[in-house]
Structure formats: structure tokens, C-alpha cells
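Trainee: My questions concern the predicted model and sequence given below.
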Amino acid sequence: MKKRVTQKLAMKNLLPEAKKYASILVGAFVLSLGYSMFIVPHKLVPGGVFGLSIVAFELIDLSIGTLALLINIPLLIWGTK
């Protein structure tokens with residue numbers, strides 16, 4: 001009996017969680033489109049890690065995504081400590 005109640009609660013919470021993950025995925029997709037179609041071609045520099053990676057892209061021959069990843073890894077390690 002207890003197992004069925006737990007299963008019903010898990011299924012009840014599944015749909016709202018799936019909607020949250022889907023909206024995060026859509027937001028990340030829209031952000032990537034904005035960067036690739038508007039910010040990078042027009043050489044605009046926003047703030048933050050991606051702005052720094054766009055500036056570094058002009059100096060170093062690495063892709064913007066790779067530079068952003070290389071900048072984010074130390075920040076992630078520092079933030080977890």
C-alpha cells in the first residue's frame with residue numbers, strides 16, 4: 001500500500017518537473033540563438049564570461065564556446081569551494 005502512494009506522488013510531481021526542465025532547455029536555446037545570430041556577428045560585447053570570451057576570441061584563435069568553457073571551469077571549482 002505504501003509503495004503505491006509513493007508511486008502516485010512520484011508521477012504527480014513528474015509533469016511539473018518535466019515542464020521546468022523543458023522551459024530551461026527552451027531558454028538556453030533562445031540564448032544560444034541570440035548569441036550566434038545577433039551578438040557575435042555584430043561584435044557586441046556583453047558582460048560576464050561570454051563577453052570576456054568574445055574579447056579573447058579576437059586575440060586567440062579558439063572558438064567562443066571553448067573559451068567560455070575554459071573560463072567557466074575555474075569559476076565552477078572556485079564556487080563549489
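Mentor: Noted; the coordinates are in hand.
Trainee: how does this protein divide into domains?
Mentor: 1-44, 45-81 (automatic domain parsing).
Trainee: Need the three-state assignment for the residue nearest in space to the middle of the chain.
Mentor: In the chain, the residue lying closest to the centroid (CA atoms, centre = their mean) is Ala28, at 5.6 Å. Put simply, Ala28 is helix when judged by DSSP: H, G, I helix; E, B strand; the rest coil.
Trainee: Kindly report the same for Tyr35.
Mentor: Tyr35 is classified as helix under three-state DSSP.
Trainee: if you skip the residues just before and after it, what's nearest to it?
Mentor: Phe50 (6.7 Å; CB to CB, 6 or more residues apart in numbering). (Glycine included, C-beta is placed from N, CA and C.)
Trainee: circling back to that earlier point, please identify the deepest-packed of the domains of the chain.
Mentor: Counting by mean count of other CB atoms under 10 Å, domain 45-81 has the highest mean neighbour count of those, with a mean of 13.
Trainee: tell me how far the ends of it are from each other?
Mentor: 29 Å (CA to CA, to the nearest Å).
Trainee: now it, how far from the centre of its chain.
Mentor: 13 Å (CA atoms, centre = their mean, to the nearest Å).
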